[in-house]
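# Predicted structure and sequence below. I'll ask about it afterward.
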Amino acid sequence: MGNHENTAAVHTHKDPVGARMGMWIFLFTELLLFGGLFFAYSVYRYLHHEQFHQAAMQMNTFLGTLNTIILLTSSMTMALSITAIQRGKKILSIILQLITVLMGAQFLVNKYFEWSAEFARGNYPGSPTLIAKGSGQTLYYGLYYTMVGLHGLHVIAGMTVIIFMLVFTIRGTINKNDYTKLENAGLYWHLVDIIWIFLYPLFYLIT
Amino acid sequence: MENEHSNVEHAANYGIYILVWLALLALTATTAIVAGINFGALSIVIALAIAASKSYLVLTIFMHLRIENRVFKIFLSVALLFFVIEILLIFADYSNYVR
């Protein structure tokens, strides 16, 4: 006990396991945040089964699938960038982190086109077109914009974090012997990926 | 003493991530194709089962849970258990309301 306190007092002690645990506990709060929305989704889908079906039929499944592939691939490049830094391949790690950020950007660009098309068709929150379609479809689009939008904000947050990691890696703060920050950024990015893994079938693939 | 956090450090391997990525793409293709077939009420079960398998791969391999300290797995299990309990309670309630 005494030993531990001493080490902590000097502030040189690094605790990667503790740092990762902190990140995981934060990820559990994200589970609560999105969990509540998934509960709302499942209840409203249960109550308005037919309308959810009709609304989902109009979704752009191609863009949804493309974005799934992009996000899954970006998760892989993120995981690879950690392996690279573990092996001391600084340049490779930087390239892989950059690819991850660019894929996040591409995801958002696709989202922009998808939402623009929806807006053009009059399917924006509170629009007369949606109100005419009835409460079931209005709820579907409400949940779609809320959940996919909140997920989009997480993509932006994840990209921001990875850009910081990119700078840290270039400066050498993140290196072969100390890369816990990069691992935690990766954990966040993978969580964003997992949330999309569930959003994709729930919003694009109802048949 | 140092072993506790060196598990993850020694697990570095590019190949496994590429394999898992291919598996994830295959599962995505499966779920997209299967969605075109009408299994009735089973459709949602299949879609969620595939999504759960994909998440399992991401959690264990990409997020290193496979080689992580056991306490991480216990924490996640407890979090997911309460998630399941909540959804069961919600539907125990709502199934009484409709049709």
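Looks like it arrived, so ask away.
# where are the low-confidence patches of the chain?
Looking at chain A here, since you left the chain open. A:1-12, A:207 (pLDDT under 70).
# Chain B was what I was after
Applying pLDDT under 70 to chain B picks out residues B:1-12, B:98-99.
# Domain parsing of it, as residue ranges.
By the assignment in automatic domain parsing, chain B contains the domains B:12-67, B:69-99.
# Determine if any part of the longest one is in contact with chain A.
Yes. In this structure, domain B:12-67 sits against chain A according to CB under 8 Å from any CB of the partner chain; the contacting residues are B:12-14, B:17-18, B:20-21, B:24-25, B:28, B:31-32, B:35-38, B:43-44, B:47-48, B:50-51, B:54-55, B:58-59, B:61-64. C-betas here are computed from N, CA, C, even on glycine.
# which stretches of chain A form helices?
Ranges of helices in chain A, per DSSP state H, are A:2-10, A:16-47, A:49-57, A:61-86, A:90-120, A:128-133, A:135-171, A:180-204.
# Could you export these as a markdown table, including distance to B:Leu81 and mean neighbour count?
Output for those, formatted as a markdown table (distance: least, CB to CB, whole Å; neighbours: other CB atoms under 10 Å in any protein chain shown):
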| stretch | distance to B:Leu81 | mean neighbour count |
| --- | --- | --- |
| helix A:2-10 | 32 | 9 |
| helix A:16-47 | 12 | 16 |
| helix A:49-57 | 28 | 16 |
| helix A:61-86 | 25 | 22 |
| helix A:90-120 | 31 | 17 |
| helix A:128-133 | 37 | 14 |
| helix A:135-171 | 23 | 18 |
| helix A:180-204 | 17 | 23 |
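# Out of the ones you listed, flag the one nearest B:Lys73.
Checking the helices of chain A against B:Lys73 by CB to CB gives helix A:16-47 as the closest, at 10.3 Å.
# Next one: the closest residue to A:Pro201 other than its chain neighbours from A:Arg121, what distance?
Distance criterion CB to CB, 6 or more residues apart in numbering or on different chains; nearest residue to A:Pro201, sequence neighbours excluded, is B:Ala47 at 3.9 Å. According to CB to CB, to the nearest Å, B:Ala47 and A:Arg121 sit 25 Å apart.
# The two: which is more packed in?
The neighbour count for B:Ala47 versus A:Arg121, taken as other CB atoms under 10 Å in any protein chain shown, is higher for B:Ala47 (22 against 11).
# before we move on, the earlier item: between the domains of chain B, which one is nearest to A:Ile85?
With CB to CB as the measure, domain B:12-67 is the member of these nearest A:Ile85 (9.0 Å).
# All the strands of chain B, residue numbers only.
Under the criterion DSSP state E, chain B contains no strands.
# Helices of that one, start to end?
Under DSSP H, chain B gives helices at B:14-34, B:42-57, B:70-94.
# Same list, the ones you listed, but as a markdown table with distance to A:Ser81 please.
Output for those, formatted as a markdown table (distance: least, CB to CB, whole Å):
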| stretch | distance to A:Ser81 |
| --- | --- |
| helix B:14-34 | 10 |
| helix B:42-57 | 18 |
| helix B:70-94 | 21 |
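# Might you report the residue contacts of A:Lys111?
Contact partners of A:Lys111, counting by CB atoms under 8 Å, 6 or more residues apart in numbering or on different chains, are A:Asn67, A:Val148, A:Gly152.
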